[in-house]
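>>> Just a sequence and a predicted model for now, questions to come.
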Amino acid sequence: MGLSDRTAGFRGMAAVSEPTAHGQGRLLLARRAFEQFKGRRDIPGSYLEESEQPKTGALREVLLKVRITAFVGIYMDTYGANGVSTLNVFYEAEVAGELPETLTAKDDVSELAWFDPDDLPLGEFSFENGKQAIADWVARRGER
C-alpha cells in the first residue's frame, strides 16, 4: 500500500506510530532504504492501518519482543514532495530479555542498529519529529 493509499482516509494528515525501542540503555535506529531521505537514520515506525490504535501500530512495527513502558510525545511533521502533514506518536518500548546484536530489517529499512544515547547520529536523521522525540526521550531519562 502506497503513501497516497494510507493517507487518503486522514483528510490531509497521516497518523504514524513509532516505538522508541531501547534495551540496556541503547536506542534502536533504522537506516531508510527508499526515498524520501534514503540512507538517512530514522526511528522504526509505520503508518497506522484504518482504525488501528497507535500502541498496536507501534508494536506491529517492532520485530523484537518489547513492552511499551511510557508515552514519549506527539510531534507534527511533513512527508513527501507534497508536504503531507503527519501526526507522529512516539512510545518508549523496552526490549524483553537479551538484546540481539544482529537484527533483520524489513523491506523499507536497509539497516537496524543499536546506539548509546551519547553517540546518537542526530546529524544523519531524516525527519525533525524523530530528532525532537529522541531529545525528549534523552532528557526524560536524565530526570530518572
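Thanks, I have it.
>>> Buried ones in the lengthiest helix in the chain, by neighbour count?
The helix of greatest length in the chain, counted in residues with DSSP state H as the criterion, is given as helix 128-143. The neighbour-count check on helix 128-143 (16 or more other CB atoms under 10 Å) flags 129, 130, 131, 132, 133, 134, 137 as buried. Bear in mind the C-beta positions are built from the backbone N, C-alpha and C, glycine included.
>>> pLDDT and distance to residue 114 added to those, as TSV?
Shown next, in TSV, are those (pLDDT from 0 to 100; distance: CB to CB, whole Å):
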residue	pLDDT	distance to residue 114
129	89	21
130	88	16
131	90	18
132	90	21
133	88	17
134	87	14
137	83	15
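>>> can you pull out the strands in this protein?
Assignment of strands within the chain using DSSP state E yields the ranges 13-23, 26-32, 41-42, 46-47, 66-79, 84-95, 109-115.
>>> what's the closest of the buried residues of helix 128-143 to residue 41?
Using CB to CB, residue 130 is the member of the buried residues of helix 128-143 that lies nearest residue 41, at 7.8 Å.
>>> I'd guessed the closest one sits against residue 40; true?
No: in this structure residue 130 lies outside contact range of residue 40 using CB atoms under 8 Å: 9.7 Å.
>>> ok so, going back, tell me the angle the longest helix of the chain makes with strand 84-95.
30 degrees (axes from the mean of the first three to the mean of the last three CA atoms, to 10 degrees).
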